[in-house]
Each structure stands twice: as C-alpha cells, then as structure tokens.
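Chemist: Build me a structure from this.
(chains A and B)
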2 protein chains.
Amino acid sequence: MNVSQQNYIAQLSIDCVIFGYQQGALHVLIPKLAFKGDYWVLPSGFIFQEEDIDQAAKRILKERTQLENIYLEQFHVFGKANRTNHAFMNELLKNNPELVGPQEDFDWFVRRFVSIGYYALVDMRKVKPQISSLDEKMEWMPLADLPPIILDGPEIIQKALEALRIHFDDHVVGYNLLPETFTMKELQQLYETVFDKPYRRNNFQKMVLDLGILERLEKKYSGAANKAPFLYKFKVE
Amino acid sequence: MNVSQQNYIAQLSIDCVIFGYQQGALHVLIPKLAFKGDYWVLPSGFIFQEEDIDQAAKRILKERTQLENIYLEQFHVFGKANRTNHAFMNELLKNNPELVGPQEDFDWFVRRFVSIGYYALVDMRKVKPQISSLDEKMEWMPLADLPPIILDGPEIIQKALEALRIHFDDHVVGYNLLPETFTMKELQQLYETVFDKPYRRNNFQKMVLDLGILERLEKKYSGAANKAPFLYKFKVE
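Modeler: Numbering: from 1, shown residues only, chains lettered A, B, ... in the order given. Okay, here's the model as predicted:
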C-alpha cells in the first residue's frame, strides 16, 4: 500500500479505543506491529478528503472488527507537537523498510500528526479481529494488564476511559457491553469495573432503577426458579 | 498576510467560542468580516507545525482578547466533509480579492477543513477585543439573539453550550464568569441562564452548598447590613 498516494488528509489521524467487557473486566482490542521488537499500537487510520471524520472512524472500526453499527463516541483530540516523536518513528520505520513502503510513505508517516480519539463499545463475542498489513496480530487485552503501547497510546486509553465514565449513565453504555438480558448483580459488576470502586447492593439497585432505563423480565419457572434472580434488559428507545 | 507561506498544518483549524456573562445573559464574542455582505464568524486560526493544539488555541484567544490565562476547554472536532462549503467560500473570497491575498492563499482557504472547537470563559469587563485583518469589527452578542454566523458556526456554538453545561459543576465554570464575590441570587441567575430553566430558591441553595465549592463571607456591618444578603466566593483549590 502506498499511503502517500491515497487521497487522505495529511497530518491528521484517527485513533480508536475499542472496549469490550468479559468476565468482570474491561478489555481493549489492540494490534501488535509486525515490526522487529515488541510494539503494540491502537487501531488507527486516516481520513479521505471527501469523508466525514465520523464516517472514517466507522470505516476503520469496521475494517478491524467486521462489525457494522458500532457504538462510537469521539472523545478528544491529541495534538501535542511532540506526540509523534520523530526520532522514535524514524528508528522504527528505518528498521523495517519492507513494511513501510516507498520513501514517500516514510516521509508521510514521520510528519507531525494530530489525532482524533474515538472510543467504541462492542460485544467481544461478535468481533472478528482483522489485522492490517503492518500488524503481526491483534488481541483483546485486559485494561488492567496492558502490554507496552507506543507513543501516547496509554494517555489516549486513559482519556477514553474517563470519557466512558462521563457518558456512562447518559448513553446507556451498558447496553453495548452486556448481553441482552442480565442480572442486577452482573450490572453492578460492570459498574464496579468501569468506575473501579465497590457499590453497596441496595444503593446500587436503587440508583439504577431510579434511572428508569431497565425493564425487569418475568422469572421463568423451573425447579429452583423461586431462588433464581430476576433478569433485566435495557429499555429500547 | 500570506497564510499559505506560514508554517501551518493545512486543512486543520481551531474555532473558538468565547463566552462571557453580563446582566443575566450569556454572550459570545464574534467578529464580523470586512467582506461585502453581512458575514459573522467565530474567532478562529491555524496551528503552527511545531505548536501544541492547546497552545495554538491560547495564542488565538490572546490575540483576540489580550487576556492571558484564559479558562479554555477543547470540546469537539467538527469534521463533516461538506462543512467547508466550497461554493460559498469560493464566492465569498472571489468577491473580496483585496482581503484574501495571493492565489495560494485562496487555494489554501477553500480546501476542506477539519476544525477543533474550544470554548473559553472570560470576564467581559477585562477583554479588549482585537480584530484581525479580515474583520470589520468584533462584538459581544447575546447568545439568545445572535446575528447570522456563516457555515457551521451555529452548530459549533450549540455544541460548546452543551459542553459548558456538562462541565459546569465539575470545573467550577462560575469561577470564570462571576465577579470574585457574589450573592446566592446572582449565582442562581447564572445557573438559570446557562441551563435555561428556573430553580427553586431553597433547592438551588442546598444543591450548590452541597457541592462544597463555596465559601460564605462575613457580612459587613452597615446601616442596613442585617438585611443585606450574604456574599460568597469560590473556594480556590
């Protein structure tokens, strides 16, 4: 691929933080570069001249996950002059000439970039991770135990998490991270994971029921049904 | 000024929504172009290659207001492919060749731009509005009664207002919009203006006191002092 010949806006990129939730832990989907060394990055891409930035983010996410209609939020622009770290990029690209392509691509990649951050919320079971020509692999990694991510990747993930917390109640984030039906305990576990703090069971139940976003389902009768917890689902707007 | 020869990042701009508060109304500071016709815009500018985007926003705001240390928040990126409206820009610039400069500048201005929105909160009494070489004048206009602003300016102002509301409690927005000391009634009036809804006096007082951000000052004794309302100021962190 000759990046520099594509009709992209120069010096502007999109970085995606793709969140999933499984076994009580938030995960992010990140590729490891096929470069010599241990370089993890965020899934990212560029914006065509005739493309909305939101559309570009959707396209990049679809390429990486094979999912349509992903829940997606623009959350911050990363624009420090030194964020690209030219020395590091030069070294990285020079050591892997076969991956980078022609000189024009090299020049294109090492310029200073401003990057627009988007976070996505996905059902991990539905994602079919797709690597790019620069990647060795792409994996779900627990947020609490991430490998080293290059440049300002860690800062971008941290900002995405902060935005996720702010949007949590307003945007029914849980709708995208939980299965269709769930118990109150499972919902509480998601909140405790996202906000990284414990809730008291009664307080939590009152808080989320007061939001008016949940529908309680009938218990199915079975042998031990009277002991089974209620299932809930999110009200669809 | 030959814009195209300056060392700016191409196709990327900053738009500023400068909020002030006076006589119970939010105002925004906007320039009117010196072009033929009635064209109001947002104060905007570009980013030097070696400049942080936050630094660029500060520089642009300082140029326009003569203020240092302005409260400033990045709030959204505007990146629809059609937001620049090439036909409109072509027409506008062609009709005012003496203002636009050489052909390279013309070409530079009519390309598609992605714009990063920042909002600022300022003390209106301290601002000394400065026009640019493209402006006829710059004025404080009440948010509720704005003149026609070109392109997606109205959308940018609306998004800035939404962000201001979200940040309101967290960031002690009032600190930047009110004088150093104020009455509970004045603070309530600010809230009612920003959120465009009435509050009940007792509820409002409890709500803001619970935030723990206010310090109540001693009443000064004077003839009618026992009837004078308490003054408050924000706790400095």
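Chemist: So which residues make contact with the strand or helix carrying residue A:137?
Modeler: Assigned by DSSP states H and E, residue A:137 falls within strand A:135-142. Contacts with strand A:135-142, where a contact means CB atoms under 8 Å, 6 or more residues apart in numbering or on different chains, come from A:20, A:22, A:25-34, A:40, A:43, A:64, A:124, A:129-131, A:147. For every residue, glycine as well, the C-beta is placed using N, CA and C.
Chemist: Skip ahead from the lowest-mean-pLDDT helix or strand in chain A and say which helix or strand is next.
Modeler: Across the helices and strands of chain A, mean confidence by mean pLDDT, DSSP states H and E is lowest for helix A:97-100: a mean of 76. Next helix or strand after helix A:97-100 toward the C-terminus (DSSP H and E): helix A:103-110.
Chemist: Establish whether that following helix and chain B are in contact.
Modeler: No. Judged by CB under 8 Å from any CB of the partner chain, helix A:103-110 stays clear of chain B, getting no closer than 12.9 Å.
Chemist: what does stretch A:158-172 give?
Modeler: Yes. Using CB under 8 Å from any CB, stretch A:158-172 reaches chain B at residue A:166.
Chemist: Can you point out the buried residues in that stretch?
Modeler: Buried positions in stretch A:158-172, judged by neighbour count with 16 or more other CB atoms under 10 Å in any protein chain shown: A:159, A:160, A:161, A:163, A:164, A:167, A:172.
Chemist: So the fifth one lies in a helix, does it not?
Modeler: Yes. The assignment for residue A:164, made by DSSP: H, G, I helix; E, B strand; the rest coil, places it in a helix.
Chemist: is it true that it touches residue A:194?
Modeler: Yes. Counting by CB atoms under 8 Å, residue A:164 does reach residue A:194; the two are 6.5 Å apart.
Chemist: Quickly list what's touching both of those two.
Modeler: With CB under 8 Å, 6+ apart, residue A:164 and residue A:194 have common neighbours residue A:173.
Chemist: Three-state assignment for residue A:119, please.
Modeler: Going by three-state DSSP: residue A:119 is strand.
Chemist: Just the pLDDT for it.
Modeler: Listed pLDDT for residue A:119 reads 95.
Chemist: ok, it - contacts?
Modeler: Residues near residue A:119 by CB under 8 Å, 6+ apart: A:16, A:17, A:18, A:19, A:72, A:73, A:75, A:160, A:163, A:164.
Chemist: cool, and residue A:24?
Modeler: Neighbouring residues of residue A:24 by CB under 8 Å, 6+ apart: A:189, A:193.
Chemist: One more: residue A:11?
Modeler: The neighbourhood of residue A:11, defined by CB under 8 Å, 6+ apart, consists of A:111, A:112, A:113, A:114, B:9, B:10, B:12.
Chemist: These into TSV, with extra columns for secondary structure and distance to residue A:213?
Modeler: Listed next are those as TSV, based on DSSP: H, G, I helix; E, B strand; the rest coil; distance: CB to CB, whole Å:
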residue	secondary structure	distance to residue A:213
A:111	coil	45
A:112	coil	43
A:113	coil	38
A:114	strand	36
B:9	strand	42
B:10	strand	44
B:12	strand	38
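Chemist: from those residues, which single one is nearest residue B:48?
Modeler: residue B:9 (7.7 Å; CB to CB).
Chemist: I'd guessed that closest one sits against residue B:50; true?
Modeler: No. Residue B:9 is beyond contact range of residue B:50, at 10.1 Å (criterion: CB under 8 Å).
Chemist: okay, and the common contacts of the two?
Modeler: By CB under 8 Å, 6+ apart, residue B:9 and residue B:50 have these common neighbours: residue A:112.
Chemist: circling back to that earlier point, CA-only coordinates of the least confident helix or strand of chain A in PDB, if you can.
Modeler: Provided in PDB are the C-alpha atoms of helix A:97-100 (Å, rounded to 0.1, in the frame of the first residue of the first chain):
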ATOM      1  CA  PRO A  97      11.800  -1.000   5.400                       C
ATOM      2  CA  GLU A  98      10.000  -3.900   3.900                       C
ATOM      3  CA  LEU A  99       6.800  -3.000   5.800                       C
ATOM      4  CA  VAL A 100       6.900   0.800   5.300                       C
END
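Chemist: ok, the helix or strand encompassing residue A:45: who's next to it in the sheet?
Modeler: In this assignment (DSSP H and E), residue A:45 forms part of strand A:44-48. For strand A:44-48, the paired strands and their directions (DSSP bridges) are strand A:8-22 (antiparallel).
Chemist: Can you give me the neighbour number for the residue nearest to residue A:129 when sequence neighbours are not counted?
Modeler: Of all residues not flanking residue A:129 in the chain, residue A:138 sits nearest, at 4.3 Å (CB to CB, 6 or more residues apart in numbering or on different chains). Residue A:138 is flanked by 21 other residues according to other CB atoms under 10 Å in any protein chain shown.
Chemist: Residue A:7 too?
Modeler: Neighbours of residue A:7 using other CB under 10 Å come to 10.
Chemist: I'd like to know how far it sits from chain B.
Modeler: 11 Å (CB to the nearest CB, to the nearest Å).
Chemist: right, and that residue touches residue A:48 too?
Modeler: Yes. Contact criterion CB under 8 Å: residue A:7 and residue A:48 qualify, at 5.6 Å.
Chemist: so what sits against both of those two?
Modeler: Common neighbours of residue A:7 and residue A:48 (CB under 8 Å, 6+ apart) do not exist.
Chemist: any idea how far residue A:93 is from residue A:86?
Modeler: 10 Å (CB to CB, to the nearest Å).
Chemist: Over to residue A:187?
Modeler: Using CB to CB, residue A:187 is found at 46 Å from residue A:86.
Chemist: more crowded one of these two?
Modeler: Set residue A:187 next to residue A:86 and count neighbours by other CB under 10 Å: residue A:187 wins out with 18 against 11.
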